[in-house]
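Q: give me coordinates for this.
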Amino acid sequence: DGHPEDAPYDRVLATCAVRAVPYAWIEQTAPSGIVLAPWETPWLSHGLLRLTVEGDGTASGWFTPHPACMPLRAHRTDPRILRDVVRDEDQPEETTTGVSPCAVTGDNWNARFAIGLQTRDISHTWQHDPGIDGVTSRLWLTTTDATSRAAIDPDPENPEGPEDGERFTIHQHGPRRLWDEVTAALTWWHQAGSPGPERFGMTVQPDGTHHAWLDTPDRPVPRTG
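A: Residues are numbered from 1 along each chain as shown. This next block holds a predicted model:
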């Protein structure tokens, strides 16, 4: 809610990560003032967003890489979400993929940042020893509203990626195909030149909507779901 008693402010600085900048922070900042907040998506907590507030109530600015902070309490994903989304009676759709799960969850934080900006409401977790023959670990994807899920089984002999046409097994259930969305986000990032966070920006409107963009505000980042 900010602190309206002493507003407006020249600077509003957050020391917790947010998935969306509360509009009260922008509303309580004077025109030309700065709102600075660590950024977080369910996919990755990474980046710092610096917004400049305009006289019309909008705020716009750029990301920089690296900072990671504990999420704002209201923006955290419930760790029990897989308990709510996985049901024995479900019949997931089985397909295969040539994209390694490590390509979207590994050490390339630029890729993961871009995936998080595009998906925004998809989280992931690794399950070790899932009790499946030949599978030592499984990647789970789920929406934050627990309506869709996907499970990807990497090859235990080659966890870094497929070779010679090797395929990974995918099970997807719910109204959305989460693995398809995540790999589409990865493809877009590659096609855009594999940009880092410093090439991305964000505009927040007075109604609270957030619009991410690449290089210029007229080049919007695609959204999945």
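Q: which helix runs longest in the protein?
A: Longest helix of the chain, by residue count under DSSP state H: helix 178-191.
Q: tell me the pLDDT of the closest residue to Q28 other than its chain neighbours.
A: Closest residue to Q28 apart from its sequence neighbours, by CB to CB, 6 or more residues apart in numbering: A7 at 3.7 Å. (Glycine included, C-beta is placed from N, CA and C.) At A7, the model reports a pLDDT of 95.
Q: what about A7, distance to D207?
A: 19 Å (CB to CB, to the nearest Å).
Q: re earlier: and the longest helix of the chain, how far out from the chain middle?
A: Going by CA atoms, centre = their mean, to the nearest Å, the spacing between the C-alpha centre of helix 178-191 and its chain's C-alpha centre is 12 Å.
Q: show me where the protein has its helices.
A: Along the chain, the stretches classed as helices by DSSP H are 23-27, 81-85, 102-105, 109-119, 178-191.
Q: neighbour count winner among A7 and D207?
A: Taking neighbours as other CB atoms under 10 Å, A7 and D207 compare with A7 leading, 14 against 7.
Q: for that one, what are its contacts?
A: When contacts are counted by CB atoms under 8 Å, 6 or more residues apart in numbering, A7 is found next to E27, Q28, T29.
Q: so the last one sits right up against L13, yeah?
A: No - look at T29 against L13 with CB atoms under 8 Å: they stay out of range, at 10.7 Å.
Q: looking at the two, which is more packed in?
A: The neighbour comparison of T29 against L13 (other CB under 10 Å) goes to T29, with 22 against 11.
Q: which strand residues bridge the more buried one?
A: Y9 (DSSP bridges).
Q: do P38 as well
A: Here P38, judged by DSSP bridges, has bridge partners L48.
Q: I'd guessed it sits against H66; true?
A: No - P38 is beyond contact range of H66, at 9.8 Å (criterion: CB under 8 Å).
Q: these two: which is more packed in?
A: Neighbour count, other CB under 10 Å: between P38 and H66, P38 has more, with 22 against 10.
Q: which stretch in the helices of the chain has the least confidence?
A: Averaging pLDDT over each of those puts helix 81-85 lowest, since it has a mean of 60.
Q: low-confidence stretches in the protein?
A: 75-89, 130-135, 154-166 (pLDDT under 70).
Q: spatially central residue for it, please.
A: With distances taken as CA atoms, centre = their mean, the residue of the chain nearest its centroid is G116 (2.1 Å).
Q: thought T58 was touching D207?
A: No - contact criterion CB under 8 Å: T58 and D207 do not qualify, at 10.1 Å.
Q: and the strands in the chain, which stretches?
A: 9-13, 29-40, 45-53, 59-64, 93-97, 122-132, 135-143, 149-153, 168-173, 200-204, 210-214 (DSSP state E).
Q: cool, thanks, talk later.
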